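just a sequence and a predicted model for now, questions to come.
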Amino acid sequence: MSSREKKGEHSIPRKGGLSARALLRVTSWPLGWQVLALAIGLSSWMGIKVWLGRRLWLLPGITSDGHHVIEDACDACHAGFEPPGNDACRNCHRDELADDTHPTATFDDPRWASDLLRIDARRCVSCHAEHARNQRTLSVRRELCFGCHDDVVERRDTHRDFAAGSCMDGGCHNYHDNRTLDVAFMRKRLGMAATHAHAPRLRREPGGQPAPPIAPAGAFADPAALEIRRGWLASAHARDGVDCVRCHSEGEGYDASPDERVCADCHAFEVDSFRHGKHGARRALGLPALRPAEARLPMRSDPENDAVGCAACHDAHALDTQRAAVEACLGCHDDEHSRNYPHSPHAAAGVTCATCHLPRIEVAREQGGLRVAVQHNNSLTLQPSDRMARMVCLDCHSLELSFAALFDVDVVRTNFARMPARSHSAIEMLQAAGAP
């Protein structure tokens, strides 16, 4: 028996490097001193966390599906602990707000003053709470529209039986982009064939003649380097004279893995639009590239790439656009819609993932005129769904089929492997009103 035990003393175990005896001494302090010690400890712990950049524990709730990929870039939206201002939202959502049907300037009119007392429509955060996983990121009640449009059931016979909360049902009304659902737009497109002949969507024309080889074939002793050279010679980069030095030079040295900043020298619109979509939003804010494992959609457990960037989809040497338009997508995405694509009517017709989700558009050249570019903002055509109808589906299909299919969840899940069960209510209302 130890001398301590002979004297009737008992050892107090230590836990986590701090003795229980010391803890007992603290708890014996006056209450005010205990509160002060706790405050100092918490403040120190919080300061260390923030200093290390580990701020996610400060989040007041689960970040929305749209913003969770940038949730550790608090400064992108917040100045300190202030709510985000409208400019922070516009910086990222410029494409979605390009034709805003409810711009904030509308509500500067004094006639809206009484309505603004119910909901301040001049501020994005009045409707959008990004630390809450609500449907379509809305934090307000679905009766929002009736706050200003409470006379709609009196003016429109077709709306008399509609519930106030149904305004934002799929294919009815979209607060920021209601262009596709404009009655005049829809009337012009009713009655067309379900699938009609069309010209290929804004196909690119081939470039110039192939550039001369960068070195004789015998100079490549490394088989891998020779394979790179062969792929480059058949690429658009070779045709346009973009050689190794153009992308890999870094001052006086050599950059083995150039990032999208190098791509932006020639593909400024593509890189800029990529950074405004969910795939590239992290890079736009100076964060590491998005990894498939960070997505909330089902992803492959063995994705082809660890990070999403230009090189994840495009081989800069071979530039296989078919791989970038299909295989690169299926190399990461593992949801039902993606898995059903290879056996879908779209795949059989040569319609790729990029045809719908990264559509080709015409953009202005710096030197004047227009050129064909790929819109790399992959978020643009996802919500509202009728935006995809206007930007993509109507190139090949009728308005009736496009709406019926896009707003049928089961049809979308099967990747349009079957026809929708019924027409869309918006189309039915137009037809009932005497539209062709």
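Cool, the structure landed.

show me where the stretch 101-250 of the chain has its strands.
Here the stretch 101-250 of the chain has its strands, by DSSP state E, counting those that start in this stretch, at 249-250.

pLDDT weak spots in it?
Scanning the stretch 101-250 of the chain for pLDDT under 70 picks out 134-137, 197-221.

where do the helices of it begin and end?
With helices called from DSSP state H, counting those that start in this stretch, the stretch 101-250 of the chain shows them at 113-116, 152-155, 183-189, 223-233, 236-239, 244-248.

restricting to C-alpha, output the fifth one in PDB.
The C-alpha coordinates for helix 236-239 follow below in PDB (Å, rounded to 0.1, in the frame of the first residue of the first chain):
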ATOM      1  CA  ALA A 236      -8.100  21.800 -82.900                       C
ATOM      2  CA  HIS A 237      -5.200  23.100 -80.900                       C
ATOM      3  CA  ALA A 238      -2.800  21.900 -83.600                       C
ATOM      4  CA  ARG A 239      -5.000  23.300 -86.400                       C
END
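
which other helices and strands contact that helix?
Packed against helix 236-239 by the contact rule (3 or more CB pairs under 8 Å, 6 or more residues apart in numbering; DSSP states H and E) you find no helix or strand. Placement of C-beta: from N, CA and C, glycine included.

same thing but at 10 Å, please
helix 223-233, helix 244-248 (3 or more CB pairs under 10 Å, 6 or more residues apart in numbering; DSSP states H and E).

so which of those helices is nearest Gln375?
Evaluated with CB to CB, the helices and strands packed on helix 236-239 place helix 244-248 nearest to Gln375, the distance being 23.3 Å.

distance between that closest one and the chain's centre?
31 Å (CA atoms, centre = their mean, to the nearest Å).

one more: stretch 96-108?
21 Å.

try stretch 246-259
Distance of stretch 246-259 from the chain centroid (CA atoms, centre = their mean) equals 30 Å.

next, the buried residues of that stretch.
With burial defined by 16 or more other CB atoms under 10 Å, the residues of stretch 246-259 counted as buried are 247, 258.

enumerate every residue touching Gly280.
Residues counted as contacts of Gly280 (CB atoms under 10 Å, 6 or more residues apart in numbering) are 69, 260, 271-274, 289-290, 308-310, 376-379.

wait, what's in contact with Ser249?
By CB under 10 Å, 6+ apart, Ser249 lies in contact with 243, 255, 258, 262.

the residue nearest to Arg365 when sequence neighbours are not counted: how many residues sit nearby?
Distances taken as CB to CB, 6 or more residues apart in numbering place Arg371 nearest to Arg365, at 5.2 Å, with adjacent residues excluded. Number of residues near Arg371 (other CB atoms under 10 Å) recorded here: 14.

pLDDT (mean, whole number) over the helix or strand where Arg371 lies?
Using DSSP states H and E, Arg371 sits in strand 370-374. What strand 370-374 shows for mean pLDDT is 91.

that strand - which strands sit beside it in the sheet, and in what orientation?
strand 360-364 (antiparallel) (DSSP bridges).

mind listing what's buried in the partner strand?
For strand 360-364, burial by neighbour count (16+ other CB under 10 Å) applies to 360-361.

show the average pLDDT along it.
Taken as a whole, strand 360-364 has an average pLDDT of 90.

dump that strand to PDB, restricted to CA.
Extracted C-alpha coordinates of strand 360-364, given in PDB (Å, rounded to 0.1, in the frame of the first residue of the first chain):
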ATOM      1  CA  ARG A 360     -24.200  25.900 -77.500                       C
ATOM      2  CA  ILE A 361     -25.000  29.600 -77.800                       C
ATOM      3  CA  GLU A 362     -23.900  32.600 -79.800                       C
ATOM      4  CA  VAL A 363     -21.700  35.100 -78.000                       C
ATOM      5  CA  ALA A 364     -20.000  38.400 -79.100                       C
END
